[in-house]
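[1] Got a sequence here, can you model it:
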Amino acid sequence: MAIQFGQQDEDEIIGLINTTPLVDVMLVLLIIFLITIPVVTTSVRVDLPQQTHVRHESQPGDLTVSIDKNGRIYLRDTALPDTQALYERIREQASLQPQPAVQIRGDAGLDFASVARVMSAVQRAGMARVSFITEPKE
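    Numbers count the residues shown, from 1 in each chain. Sure, this is the predicted structure:
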C-alpha cells in the first residue's frame, strides 16, 4: 500500500464555499445605494409665484372667441362652422398694426380638446396676444 501525499480522493465532496467575493460585491452595492438615495429623494427647491387676479379691460378692437358647451365656435357673436373658418377670419386680423388681442371664452363644462383646437387655429393665424376670460371664484 503506497501513501500518496497531496492527492485527494476524487469522490470526496468539498463542503466549503468561499463567501469573500460575495461579501465584497454586496458591500460595494450597499455603498452605491447609500450614495445615490439622497440624490434621488431631494428635488430642486423652487419658490412659486403667488396667483393674483389682475382685471383686464377689453379694448374695442379685441377679438372674442367663444366656445359653448357643445363645442360650437363663435367669433364675437357670429357662429363659425369649424376651426378652419376661425383661422381664416383671424388671419385677416393678424396683419393689422397694432395687432388686436384674442380673448377665448370657454364653457366650464367643455373638454380641453375643443379649446386646444381653437388655440391652435389662433396660433397658426399668427396672433401673438391670446388670453382667457374666466369668472373669479366667490
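[2] So which residues of the chain form helices?
    20-41, 83-94, 112-125 (DSSP state H).
[3] For Asp77, which of the ones you listed is the nearest?
    Proximity to Asp77 (CB to CB) singles out helix 83-94 among the helices of the chain, at 13.0 Å. Every residue, glycine included, has its C-beta placed from N, CA and C.
[4] Other residues contacting the closest one?
    63, 65, 73, 75, 80, 99-100, 102, 117-118, 120-122, 124-127 (CB atoms under 8 Å, 6 or more residues apart in numbering).
[5] rewinding a little: in CSV: the helices of the chain, plus distance to Lys69 and mean neighbour count.
    Formatted as CSV, the helices of the chain follow (distance: least, CB to CB, whole Å; neighbours: other CB atoms under 10 Å):
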stretch, distance to Lys69, mean neighbour count
helix 20-41, 44, 9
helix 83-94, 17, 16
helix 112-125, 10, 16
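[6] Could you point out which of those helices sits nearest Gly106?
    Nearest to Gly106, of the helices of the chain and by CB to CB, is helix 112-125 at 4.9 Å.
[7] Low-confidence ranges, this protein, go.
    Across the chain, the ranges flagged by pLDDT under 70 are 1-11, 39-58, 136-138.
[8] residue contacts, Ser131?
    By CB under 8 Å, 6+ apart, the neighbours of Ser131 are His56, Ala101, Val102, Gln103, Ile104.
[9] which of these count as buried?
    For the contacts of Ser131, a burial check counting by 16 or more other CB atoms under 10 Å picks out Ala101, Val102, Gln103, Ile104.
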